[in-house]
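Chemist: How does the following fold in three dimensions:
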Amino acid sequence: MKLSLSLLVILLVAVLALTQTGSPGAAPAIAASNGGTGAVRVLIMVGNSYGANYNLIRDVMELYGWDLTTVGVTPTVTPCFYGGPITVDTLVTEVADISEFDVLLITTSRVLQAGGSHSQLLSSPEALDLVADAAAESLLVVAQCGGTRVLAAAGVINGVTVTGKGEYLQEYLDAGAVWAGEVDTPVLDGHFLTSLRNQINSRRLCEVIRTYMAEKRAAAN
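Modeler: Numbers count the residues shown, from 1 in each chain. Purely as a prediction, here's the structure:
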């Protein structure tokens, strides 16, 4: 009997929660992980041929109770091979004040397409400008898999240690980034967070975001 994608996502999140909460020093329950006072406001940048792990990271963030807004170059973005088209909440040209958000997440995109991963975002000066604005406003800027190449194209990772798909290593180096390799855990350097293997790292990535936001808000009080 075939399981639906939604059921598989639920089962995976449940397994991750059980494996992490049962260990010493485990993270708090998802329902309590809101990053401090008020929900974390996440702007999720999605492009055509978005990866299936978009659904997983979004489901985990919703379990955390965060405020999620999708943004794209076009009103509708297409999936890589399963899932359905997404009608985004806003366009990159319509984000008037990036400081209204806490986090900018560049979600996954299929590598095996013309131009490689995130090709639609890379071809949009407005999308790259939005990433640069987020970095300038010191939002936590997060990139999954090949999304690191969007950070490179936006010119925001000079001197920053990153991970990302190895196919685009030269782009990272040309942007002045420090290559951490294709590591198994998310890499946080300043207000940049990069991650691979998001089938297993979505909960871990959200825990890094939660901790970062809690510490940032505590320091501001």
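Chemist: First-to-last residue distance for stretch 161-177?
Modeler: End-to-end distance for stretch 161-177, by C-alpha to C-alpha, to the nearest Å: 6 Å.
Chemist: neighbouring contacts of it?
Modeler: 111, 116-117, 143, 145-149, 151-153, 155, 157-160, 178-183, 186-187, 189, 192, 194-196 (C-beta atoms under 8 Å, 6 or more residues apart in numbering). Quick note: C-beta positions are derived from backbone N, CA and C, even for glycine.
Chemist: Looking at the residues you listed, which are in helices?
Modeler: Residues of the contacts of stretch 161-177 located in helices (DSSP state H): 148-149, 151-153.
Chemist: before we move on, the earlier item: just the ones of the contacts of stretch 161-177 in strands?
Modeler: Of those, the ones assigned to strands by DSSP state E are 143, 178-179, 187, 189, 192, 194-195.
Chemist: that older thread, I'd like to know which of the ones in helices among the contacts of stretch 161-177 is nearest to Ile200.
Modeler: Distance ranking of those against Ile200, using C-beta to C-beta, places Thr148 first at 18.2 Å.
Chemist: Disregarding flanking residues, what is the spatial nearest neighbour of that closest one?
Modeler: Using C-beta to C-beta, 6 or more residues apart in numbering and skipping residues adjacent in sequence, the residue nearest Thr148 is Gly164, 2.9 Å away.
Chemist: try Glu62
Modeler: Distance criterion C-beta to C-beta, 6+ apart; nearest residue to Glu62, sequence neighbours excluded, is Leu68 at 6.8 Å.
Chemist: Now do the same for the strand or helix carrying the one you found: mean pLDDT, whole number.
Modeler: Element membership for Leu68, per DSSP states H and E: strand 67-72. Averaging pLDDT along strand 67-72 gives 97.
Chemist: buried sites along stretch 104-113?
Modeler: Buried positions in stretch 104-113, judged by neighbour count with 16 or more other C-beta atoms under 10 Å: 104-111.
Chemist: Let me see the mean pLDDT of it.
Modeler: Average pLDDT, stretch 104-113: 83.
Chemist: Can you tell me what sits against that stretch?
Modeler: 42-54, 57, 80-81, 98, 117-119, 121, 130-131, 134, 139-147, 150-151, 165, 167, 198.
Chemist: partner strands of the strand holding Leu68, parallel or antiparallel?
Modeler: Sheet pairing of strand 67-72 (DSSP bridges) gives strand 41-45 (parallel), strand 90-91 (parallel).
Chemist: Same list (those strands) but as a markdown table, adding mean neighbour count, distance to Ala218 and mean pLDDT.
Modeler: Output for those, formatted as a markdown table (neighbours: other C-beta atoms under 10 Å; distance: least, C-beta to C-beta, whole Å; pLDDT from 0 to 100):
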| stretch | mean neighbour count | distance to Ala218 | mean pLDDT |
| --- | --- | --- | --- |
| strand 41-45 | 24 | 17 | 98 |
| strand 90-91 | 14 | 30 | 98 |
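Chemist: Save those strands as JSON lines, and put in distance to Glu215 too.
Modeler: Converted to JSON lines, those look like this (distance: least, C-beta to C-beta, whole Å):
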{"stretch": "strand 41-45", "distance to Glu215": "17"}
{"stretch": "strand 90-91", "distance to Glu215": "28"}
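Chemist: Now do the SS call for the residue nearest the centre of the chain.
Modeler: Centroid-nearest residue in the chain: Leu105, 3.5 Å away (criterion: C-alpha atoms, centre = their mean). What DSSP: H, G, I helix; E, B strand; the rest coil gives for Leu105 is strand.
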